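Asker: Sequence and predicted structure below; questions after.
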2 protein chains.
Amino acid sequence: MEPEDRRLTARGEERRRQIIEVATRLFAEQGYHPTSVADVVDAVGVGKGVFYWYFASKEALLTEILRDGQTARRRHQRDAIAGVADPVAQMELGIRTGMEWMAAHREVMTLIRFAATEERFAPGIRKGEATAAADAAAPLRRAIDEGRIPDADPDLLARSIVGVTQHLSATLIHADPAADPTPVIDAAVAFCIGGILAAPIPGILAAPTPTATD
Amino acid sequence: MEPEDRRLTARGEERRRQIIEVATRLFAEQGYHPTSVADVVDAVGVGKGVFYWYFASKEALLTEILRDGQTARRRHQRDAIAGVADPVAQMELGIRTGMEWMAAHREVMTLIRFAATEERFAPGIRKGEATAAADAAAPLRRAIDEGRIPDADPDLLARSIVGVTQHLSATLIHADPAADPTPVIDAAVAFCIGGILAAPIPGILAAPTPTATD
DNA sequence: CCTCCGCTTGACCGGGTGGTCAAGGATGTA
DNA sequence: TACATCCTTGACCACCCGGTCAAGCGGAGG
């Protein structure tokens, strides 16, 4: 019988959760590859067979962590903006709740960023990020249609916002988990709202200047 | 005699370069850990001992690739903005040349993003990114002092810009290396310039709304 | 009390890893 | 030619990895 279609008792579900939790922490702290299955089961305090009772492989466990993390973040953001009508307010709230989720789930974000660099996991990550970008692009498109913000490629705007939020989250919030993330989040919101309002800037942008030394 | 203080002939230097080049490609394609030293020397077409003639360890090779990549990007950006006086023009040119460099060095960027997630390599990456952020923060500070852009934390602005450029580079330009990166770069410039001009936006930002479900 | 089955154990396996090294070929210099 | 130095070889090593499995435990339902 395969691990994925086993019927688990309450005790079994709890053990499974525990393994996911410990593995997420260890993978994020030491790296996925440097962390062995033995490390995980030792940290949990069980025999090695337990791991393979609940998971088909080490890779399957990481895949599940990544998938669950991406869907959880998406749901968190969707729920947050559900009651808001104004698209620009939706954007701000989406940025806020997205960063709050990232700050509260640093380990998962580290794993997602790792997985994006390894071709075995990257397709799944790319798909999730495309979904996230599409989620963000929808209100942007509406805002453009309503004339609330200048005309620009909604997908590029959405990707830019994802870039700002993920990077600030990774470098500043994760650097000091104890610190209050609010100022960083406020800065991200201000920067992103400025960015989406900025498409046509007359007289600021310099000439194309294709001066490359490379 | 240790590899690091060997005196290499022209042939030796060439071999060393070749190993770095091949390893960079393989590490980026398959991942650092899944790529064995045997994979690298096989791809180069030499015996295993050659690797350890030029490098102390697999880890030392990656560290060197990362360090060289970060310094090369920094120099590229510094050289590009050297002759420009206006701080806002410096910012735009810095964003442009930075993204051009990233587009031309996808493999190295992939390795940098990987290394940032593994604690063994992360300190070096963080240091390099702090330097890059400081480089970008300097013209921002001047622009603020001169009243060219609104008052805001230059470091947060710099980190936001790094986030946009790296993410757009990683997700869009790397996704299709054959495509012309210019439209993406233009979008990044517009978004970032908008972001740094955006600090005080009256009547746009909604109320703080600390509605969290978590 | 017994039986069943979800759960656990940990020794074991094949194979791959990073790294070493004694030996020998290639190259430049004198 | 002779010699030193640079470079290359590839078998070899100790170790550890992900994964397997026969055996046994223990709690819930009968």
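Answerer: Okay, I see it.

Asker: Next up, the contacts around the spatially closest residue to residue A:136 that is not a sequence neighbour.
Answerer: In space, and not counting its chain neighbours, residue A:136 is closest to residue A:158: 3.8 Å by C-beta to C-beta, 6 or more residues apart in numbering or on different chains. The way it works is simple: take the backbone N, C-alpha and C, and place the C-beta from them, glycine included. Residue A:158 sits next to A:132, A:133, A:134, A:135, A:136, A:137, A:140 when contact means C-beta atoms under 8 Å, 6 or more residues apart in numbering or on different chains.

Asker: ok now the strand or helix carrying residue A:158, how far from the chain's centre?
Answerer: Using DSSP states H and E, residue A:158 maps to helix A:154-168. Here the centre of helix A:154-168 is set off from its chain's centre by 11 Å, with C-alpha atoms, centre = their mean, to the nearest Å.

Asker: how about low-confidence regions in chain A?
Answerer: For chain A, the stretches flagged by pLDDT under 70 are A:1, A:199-214.

Asker: between the helix holding residue A:158 and helix B:154-168, how big is the angle?
Answerer: Going by axes from the mean of the first three to the mean of the last three C-alpha atoms, to 10 degrees, helix A:154-168 is angled at 130 degrees with respect to helix B:154-168.

Asker: for DNA strand C, what are the nearby residues on chain A?
Answerer: Proximity of chain A to DNA strand C, by C-beta under 7 Å from any atom of the strand, involves residues A:6-9, A:11-13, A:15, A:45-50, A:53.

Asker: Going through the residues you listed, which ones are buried?
Answerer: Buried members of the residues of chain A next to DNA strand C, counted by 16 or more other C-beta atoms under 10 Å in any protein chain shown: A:15, A:50, A:53.

Asker: Dump those residues to a markdown table, plus distance to residue B:97 and secondary structure.
Answerer: Below are those laid out as a markdown table (distance: C-beta to C-beta, whole Å; DSSP: H, G, I helix; E, B strand; the rest coil):
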| residue | distance to residue B:97 | secondary structure |
| --- | --- | --- |
| A:15 | 53 | helix |
| A:50 | 53 | helix |
| A:53 | 54 | helix |
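
Asker: Tell me who's in contact with residue A:3.
Answerer: Applying C-beta under 8 Å, 6+ apart to residue A:3 gives the contacts A:52, A:53, A:54, A:55, A:56, A:60.

Asker: 10 Å instead?
Answerer: Shown in contact with residue A:3 (C-beta atoms under 10 Å, 6 or more residues apart in numbering or on different chains): A:16, A:51, A:52, A:53, A:54, A:55, A:56, A:57, A:60, A:61.

Asker: ok, now how distant is it from chain B?
Answerer: 23 Å (C-beta to the nearest C-beta, to the nearest Å).

Asker: for the residue lying closest to that residue once chain neighbours are set aside, what are its contacts?
Answerer: Leaving out its chain neighbours, the residue that sits closest to residue A:3 by C-beta to C-beta, 6+ apart is residue A:56, at 5.1 Å. Contacts for residue A:56 (C-beta under 10 Å, 6+ apart) come out as A:2, A:3, A:4, A:63, A:64.

Asker: Using neighbour counts, trim those residues to the buried set.
Answerer: The buried subset of the contacts of residue A:56 - by 16+ other C-beta under 10 Å - is A:3, A:63, A:64.

Asker: Please render these as JSON lines that adds secondary structure and distance to DNA strand D to the earlier fields.
Answerer: Converted to JSON lines, the buried ones among the contacts of residue A:56 look like this (DSSP: H, G, I helix; E, B strand; the rest coil; distance: C-beta to the nearest atom of the strand, whole Å):
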{"residue": "A:3", "secondary structure": "helix", "distance to DNA strand D": "9"}
{"residue": "A:63", "secondary structure": "helix", "distance to DNA strand D": "12"}
{"residue": "A:64", "secondary structure": "helix", "distance to DNA strand D": "13"}
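
Asker: wouldn't residue A:29 be in contact with residue A:114 here?
Answerer: No. Counting by C-beta atoms under 10 Å, residue A:29 stays clear of residue A:114, with 11.8 Å between them.

Asker: any idea how far residue A:86 is from residue A:92?
Answerer: For residue A:92, the distance to residue A:86 equals 9 Å [C-beta to C-beta, to the nearest Å].

Asker: With neighbour numbers in mind, choose between these two.
Answerer: Per other C-beta atoms under 10 Å in any protein chain shown, whichever of residue A:92 and residue A:86 has more neighbours is residue A:92, with 22 against 15.

Asker: got the CA positions of the strand or helix carrying that one in PDB?
Answerer: According to DSSP H and E, residue A:92 maps onto helix A:87-104. What follows is helix A:87-104, C-alpha atoms only, in PDB (Å, rounded to 0.1, in the frame of the first residue of the first chain):
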ATOM      1  CA  PRO A  87      -9.300  47.500  -7.000                       C
ATOM      2  CA  VAL A  88      -6.600  49.800  -5.600                       C
ATOM      3  CA  ALA A  89      -7.600  49.000  -2.100                       C
ATOM      4  CA  GLN A  90      -7.500  45.400  -3.000                       C
ATOM      5  CA  MET A  91      -3.900  45.800  -4.200                       C
ATOM      6  CA  GLU A  92      -2.800  47.400  -1.000                       C
ATOM      7  CA  LEU A  93      -4.600  44.800   1.100                       C
ATOM      8  CA  GLY A  94      -3.100  42.000  -1.000                       C
ATOM      9  CA  ILE A  95       0.400  43.400  -0.500                       C
ATOM     10  CA  ARG A  96      -0.100  43.800   3.200                       C
ATOM     11  CA  THR A  97      -1.600  40.300   3.800                       C
ATOM     12  CA  GLY A  98       0.900  38.700   1.500                       C
ATOM     13  CA  MET A  99       3.800  40.100   3.300                       C
ATOM     14  CA  GLU A 100       2.300  39.300   6.700                       C
ATOM     15  CA  TRP A 101       1.900  35.700   5.600                       C
ATOM     16  CA  MET A 102       5.500  35.600   4.400                       C
ATOM     17  CA  ALA A 103       6.700  37.000   7.600                       C
ATOM     18  CA  ALA A 104       4.800  34.400   9.500                       C
END
